[in-house]
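> give me a 3D structure for the following:
(one chain, ligands or ions: 1)
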Amino acid sequence: MKKLMIVGTVALAVACRPAAETFHFDEMVYSPDETEFRLFAPSDAECYVVVGTDSIAMTLGTDSIWRATAQGDRKGDTYQFLVNGEPSPGVFAKAVTVNGEKGVVVDLRDSDPEGWESDRPVRRLPQDIVVYEMHHRDFSVSQPSTRYPGKFLALTEPWAISHLTDLGVNAVHVLPSYDYGSVDETRLDEPQYNWGYDPVNYNVPEGGYSTDPFDPLCRIREFKQMVQSLHRAGIAVILDVVYNHTYDIGHSNFQRTYPDYYYRKTAGGEYSNGSGCGNETASEKPMMRRFMVESVKYWVNEYHIDGFRFDLMGCHDIETMNEIRRTLDSIDPKIFVYGEGWSAGACALPAEQLGIKANISQMPRIAAFSDELRDALRGPFSDDTKMGWLGRASYDDCEADMGGLQTSIKYGIAGCVAHPQVDQSLVNYAKDAWAAEPTQSIVYVSCHDDMCLTDRLRASIQALSSPTGDESLIRLDLLAQTAVFTSQGVPFMLSGEELLRTKHGVHNSYESPDSINQLDWSNKERYPEVFAYYKGLIALRRHHPAFRLGSADLVRRHLEFLPSDDTVVAFRLKDNAGGDAWRDIIVVLNPAVTASAVTIPDGTYTAVCHDGVISEEGLGTVSGPTVTVAPQSALILHD
Ligand code: CA
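Residues are numbered from 1 along each chain as shown. A predicted model of the protein is given here:
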């Protein structure tokens, strides 16, 4: 290792004004004549930046920011900040060396793929979005015709694009795609797997998903190629952002540049652990808030990102989330923001200040995941063996709270807004309707967390493991997704559910091997009826505005639940809801192994979904007032 040459002296601390008012986390500003470095670090620290082999002392400005300038054209040089001897690439590196250890001086225009200047974002009204949540490696690692297994570039390939567009989803939510720590980028020839909830450099794409993590521009260019390709297909790109914690404290770039600034502590002086990962960041502090705002803005401006999913949003404070919303609005109000409205432990901030589900009404146009419908359908998150409404209708011999589960499903179908026919006191979790608008509710029955849908059904319903269990498994799977896609929330599905995905019963597969996490693409031929149903369901939603009314008032006006016993959910979207060409749409969900009869408004209807088959052209006519719904299936009618 070359000996570093120390030049200059360290400035003494001076009276400073708060950096958050002026600073924009531009830690490296390149020009062919010189490169300026800036860093937020304690005013009594000793700060250097090592550029290539030159160590340059930084000086403290009156705005609390340390600065240094490297003369000459430094493009391609690596750099590291040294704060009291602690090396780091800073907190806002935009290009890094392998494994994200050092920053790299780049001109980002060199990373733009051909045609990037004409790339246009794909942004829709929230009620029109259909989210497909995927992990890069799960999706492509075992796809037989891919050239780029497990890489960003897999999403530029025709097989991938046609699968997504054929299915009909219009937004891909990628699991953490920033630089994370748990995959060693120098050993990519060996199988390694992680979801990536261990951020290292928040503003650089992950090297493990690039074809060459040693080339600092490669990951940036390939990420942009992925975005470009999805945008060309009309598919939005949503990033999973994990600002709420870092892998650990000691090695984090936050801690190495400004010890203890970015983290919350408890009253007793311990690091608070609202993330369940050993620490939680302090979004309420001005520079952490600024960091989050600047970071999302950077992803939008540099990478043309269309939306953000905030991991453990319940760890962040409301004011920060609202400032993020305002910032994104100033770019494009259609940039979609949602998050997990909970934390994974107690946070060192009062609950009334946190971005939890119960406070969503104070965060206009930010959505949260609804666990009410999810758990009512499949069973509680706390116990994989417990059945939900789907199983209890037929397989539970105990006293079951079918009424409460049925009400929770209705609440989810109404988009988690207050509805006169939903008795909130019976809903499983939310005793107050937390969403002000249905577009604040993400509706889903499975995601990367917990078991995927088929595994959960098998784990909770013993009968599905019998030799004849597969037929019921498929029926209940399709029925569950029918509840999701006919609801007024923003529908969300886990990648691979359309291929009847299994993770072989693994509940938390964050570091499981490919054999657990990979999609089995041969299932597309093995279960063509499953893919066809998912596709038909998504198309039905896309073609019918009645399913995506977008406002609570419209939901209350047009969504009417029909009387039924508590083993069935039946509802009507009436009076050309949302301008729909169909005057009335009736949806009946029947989880029982026997057919169920329900009473509907008298009339003659066309069936478009019956007994596990969807066809918008029609599957025959049905007359009221009594209709029969086949076992473990949905019936959808229109007049
Ligand atoms: Ca990495």
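> any idea how far Asp54 is from the closest residue to Gly52 other than its chain neighbours?
Nearest non-adjacent residue to Gly52, counting by CB to CB, 6 or more residues apart in numbering: Asp77, 4.2 Å away. No exception for glycine: its C-beta is placed from N, CA and C like everyone else's. Distance of Asp77 to Asp54, computed by CB to CB, to the nearest Å: 9 Å.
> joint contacts of those two?
Common contacts of Asp77 and Asp54 (CB atoms under 8 Å, 6 or more residues apart in numbering): Ala70.
> returning to what we had before: separation between the residue nearest to Gly52 and the ion?
From Asp77 across to the ion, the span is 21 Å (CB to the ion, to the nearest Å).
> just checking, what packs against the helix or strand hosting Leu457?
In this assignment (DSSP states H and E), Leu457 forms part of helix 453-460. Counting contacts by 3 or more CB pairs under 8 Å, 6 or more residues apart in numbering; DSSP states H and E, helix 453-460 packs against helix 371-378, helix 389-395, helix 469-485.
> can you list the low-confidence ranges for the chain?
1-22, 397-399 (pLDDT under 70).
> taking it, what residue is nearest to the ion?
Asp179 (4.3 Å; CB to the ion).
> beta partners for that residue?
Asn201 (DSSP bridges).
> quick one, what contacts it?
Taking CB under 8 Å, 6+ apart as the test, what Asp179 contacts is 96, 100, 199-202, 204-207.
> make JSON lines from these and add neighbour count to it.
As requested, the contacts of Asp179 are exported to JSON lines (neighbours: other CB atoms under 10 Å):
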{"residue": "Val96", "neighbour count": "26"}
{"residue": "Gly100", "neighbour count": "24"}
{"residue": "Pro199", "neighbour count": "26"}
{"residue": "Val200", "neighbour count": "25"}
{"residue": "Asn201", "neighbour count": "26"}
{"residue": "Tyr202", "neighbour count": "25"}
{"residue": "Val204", "neighbour count": "23"}
{"residue": "Pro205", "neighbour count": "26"}
{"residue": "Glu206", "neighbour count": "25"}
{"residue": "Gly207", "neighbour count": "28"}
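> quick check: Asp215 vs Arg221, distance?
Asp215 is 9 Å from Arg221, by CB to CB.
> shouldn't Leu188 be in contact with Pro213?
Yes - between Leu188 and Pro213 there is a contact at 6.9 Å, judged by CB atoms under 8 Å.
> neighbour count: these two, which is higher?
Pro213 (24 against 19; other CB atoms under 10 Å).
> give me phi/psi at the nearest residue to the more buried one once chain neighbours are set aside?
Excluding its sequence neighbours, the residue lying closest to Pro213 (CB to CB, 6+ apart) is Gly207, at 3.0 Å. With angles defined as degrees, to the nearest 10, Gly207 sits at phi -70, psi -30.
> wait, Gly207 sits on Val98?
Yes - in this structure, Gly207 is within contact of Val98 by CB under 8 Å, at 6.1 Å.
> picking that back up, how close does the residue of the chain closest to the ion get to Tyr247?
11 Å.
> Ala463 now?
42 Å.
> in terms of neighbours, single out the busier of those two.
Remark: of Ala463 and Tyr247, Tyr247 carries more neighbours, 18 against 14, as counted by other CB under 10 Å.
> how about the residues of the protein by the ion?
Neighbours of the ion within the chain, by CB under 5 Å from the ion: 179, 207.
> quickly list what the most centrally placed residue in the chain is bridged to.
By CA atoms, centre = their mean, the chain has its centre lying nearest to Arg309, at 4.0 Å. Per DSSP bridges, the residues bridged to Arg309 are Asp240, Tyr338.
> surely it is in contact with Gly339?
Yes - with contacts counted by CB under 8 Å, Arg309 reaches Gly339, the gap being 6.3 Å.
> distance of the residue nearest to Gly52 from Met58?
16 Å.
> circling back: more neighbours: Asp215 and Arg221, which one.
Between Asp215 and Arg221, counted using other CB under 10 Å, Arg221 has the larger neighbour count: 21 against 17.
> for the more buried one, what is the enclosing helix or strand?
Using DSSP H and E, Arg221 falls in helix 216-232.
> show me what that helix is packed up against.
Secondary elements touching helix 216-232 (3+ CB pairs under 8 Å, 6+ apart): helix 158-167, strand 199-205, strand 236-241, helix 286-303.
> okay, the ones you listed, which one's buried deepest?
Burial of these is given as mean neighbour count (mean count of other CB atoms under 10 Å); strand 199-205 ranks first at a mean of 25.
> now the angle from that strand to helix 286-303?
Here strand 199-205 runs at 30 degrees with respect to helix 286-303, directions being taken by axes from the mean of the first three to the mean of the last three CA atoms, to 10 degrees.
> could you point out which of the helices and strands packed on helix 216-232 sits nearest Thr468?
Nearest to Thr468, of all the helices and strands packed on helix 216-232, is helix 158-167, at 28.5 Å by CB to CB.
> what's the closest one packed up against?
By 3+ CB pairs under 8 Å, 6+ apart, helix 158-167 packs against helix 216-232, helix 528-543.
> of these, which is nearest His136?
With CB to CB as the measure, helix 216-232 is the member of the helices and strands packed on helix 158-167 nearest His136 (8.9 Å).
> quick one: end-to-end distance for stretch 346-362.
Stretch 346-362 has an end-to-end distance of 21 Å (CA to CA, to the nearest Å).
> sorry, slip of the keys, the one I care about is stretch 366-381.
23 Å.
> from the middle of its chain, how far away would it be?
Counting by CA atoms, centre = their mean, to the nearest Å, stretch 366-381 is centred 15 Å from the centre of its parent chain.
> what does stretch 301-317 give?
Counting by CA atoms, centre = their mean, stretch 301-317 comes out at 8 Å from the chain centroid.
> C-alpha coordinates for it, CSV please?
This file holds the C-alpha atoms of stretch 301-317, laid out as CSV (Å, rounded to 0.1, in the frame of the first residue of the first chain):
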residue,chain,number,x,y,z
ASN,A,301,-33.8,12.5,-11.2
GLU,A,302,-30.8,10.2,-12.0
TYR,A,303,-32.6,6.9,-12.5
HIS,A,304,-36.1,7.9,-13.4
ILE,A,305,-37.7,5.9,-10.6
ASP,A,306,-41.5,6.0,-10.4
GLY,A,307,-42.3,5.1,-6.8
PHE,A,308,-40.9,4.1,-3.4
ARG,A,309,-41.8,1.4,-0.9
PHE,A,310,-40.5,2.4,2.5
ASP,A,311,-39.3,-0.5,4.6
LEU,A,312,-40.6,-0.2,8.2
MET,A,313,-42.1,3.2,7.5
GLY,A,314,-43.4,3.1,11.1
CYS,A,315,-39.9,3.9,12.2
HIS,A,316,-39.9,7.2,10.4
ASP,A,317,-41.6,10.3,11.6
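> contacts for stretch 187-194?
The contact list for stretch 187-194, computed with CB under 8 Å, 6+ apart, reads 137, 180, 182-184, 208, 213, 510-514, 517.
> drop anything exposed from those.
137, 180, 182-183, 208, 213, 510, 512, 517 (16 or more other CB atoms under 10 Å).
> what about dumping the CA coordinates of stretch 578-593 to PDB?
Taking C-alpha atoms only, stretch 578-593 is exported to PDB below (Å, rounded to 0.1, in the frame of the first residue of the first chain):
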ATOM      1  CA  GLY A 578     -66.400   5.100 -11.900                       C
ATOM      2  CA  GLY A 579     -68.000   5.500 -15.300                       C
ATOM      3  CA  ASP A 580     -67.900   1.700 -15.900                       C
ATOM      4  CA  ALA A 581     -69.600   0.400 -19.000                       C
ATOM      5  CA  TRP A 582     -71.200  -2.300 -16.800                       C
ATOM      6  CA  ARG A 583     -74.100  -0.800 -14.700                       C
ATOM      7  CA  ASP A 584     -73.800  -3.300 -11.800                       C
ATOM      8  CA  ILE A 585     -71.000  -5.700 -11.000                       C
ATOM      9  CA  ILE A 586     -71.600  -8.400  -8.500                       C
ATOM     10  CA  VAL A 587     -68.700 -10.300  -6.800                       C
ATOM     11  CA  VAL A 588     -69.300 -13.300  -4.600                       C
ATOM     12  CA  LEU A 589     -66.400 -15.100  -2.800                       C
ATOM     13  CA  ASN A 590     -67.100 -18.600  -1.500                       C
ATOM     14  CA  PRO A 591     -64.400 -20.400   0.400                       C
ATOM     15  CA  ALA A 592     -66.500 -23.500   1.300                       C
ATOM     16  CA  VAL A 593     -66.000 -26.900  -0.200                       C
END
